[in-house]
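Participant: coordinates only, sequence not included:
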């Protein structure tokens, strides 16, 4: 079946998964990234342009949770960029579990992240930690 523009745009194709987070005493619903959110996430991992581009892993897990944690109606739980810094102060195991589910639901493979980062060992940028 060949889809029309209207059919494509009307499909709710975002996936969700409920993740038990024992460190927080409950469950967090994680939603796949939209195309725009994935671009936002990937671009947030890089600072600079061309040969001057550096990897910015500061709060990468928190940034993924910021973009993918939703309520029971599918609305994002975190809406202010300052939430990223606050999330970055939470338990690393909890963030890692949520990051892994967001990554899986969004089709963001480890190889994609490695390619994006160029397998670089550049130190994280401190610029992104400001409010």
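Facilitator: Thanks, I have it. Nothing here was measured: the structure is a model prediction, and the numbers come from that model. Numbering: from 1, shown residues only.

Participant: so what sits opposite the closest residue to residue 53 other than its chain neighbours in the bridge?
Facilitator: Closest residue to residue 53 apart from its sequence neighbours, by Cβ to Cβ, 6 or more residues apart in numbering: residue 46 at 5.4 Å. Bear in mind the C-beta positions are built from the backbone N, C-alpha and C, glycine included. Counting by DSSP bridges, residue 46 is bridged to residue 55.

Participant: and residue 29, by the same measure?
Facilitator: Taking DSSP bridges as the rule, residue 29 bridges to residue 18, residue 70.

Participant: how near is it to residue 87?
Facilitator: 15 Å (Cβ to Cβ, to the nearest Å).

Participant: which one of the two is surrounded by more residues?
Facilitator: The neighbour count for residue 29 versus residue 87, taken as other Cβ atoms under 10 Å, is higher for residue 87 (21 against 18).

Participant: and the biggest helix by length in the chain, which residues are buried?
Facilitator: Ranked by residue count and defined by DSSP state H, the top helix of the chain is helix 92-105. Neighbour-count burial for helix 92-105 flags 94, 95, 97, 98, 99, 101, 102, 103, 105 (criterion: 16 or more other Cβ atoms under 10 Å).

Participant: with stretch 21-39 instead?
Facilitator: Buried residues in stretch 21-39, counted by 16+ other Cβ under 10 Å: 21, 28, 29, 30, 31, 32, 33, 37, 38.

Participant: what's next to stretch 100-112, contact-wise?
Facilitator: For stretch 100-112, contacts defined as Cβ atoms under 8 Å, 6 or more residues apart in numbering pick out 15-17, 19, 30-33, 38, 41, 64-65, 67-68, 113.

Participant: where's the dip in pLDDT among those residues?
Facilitator: Checking pLDDT across these, the minimum falls on residue 113 at 65.

Participant: in this protein, where is pLDDT below threshold?
Facilitator: Applying pLDDT under 70 to the chain flags the ranges 112-131.
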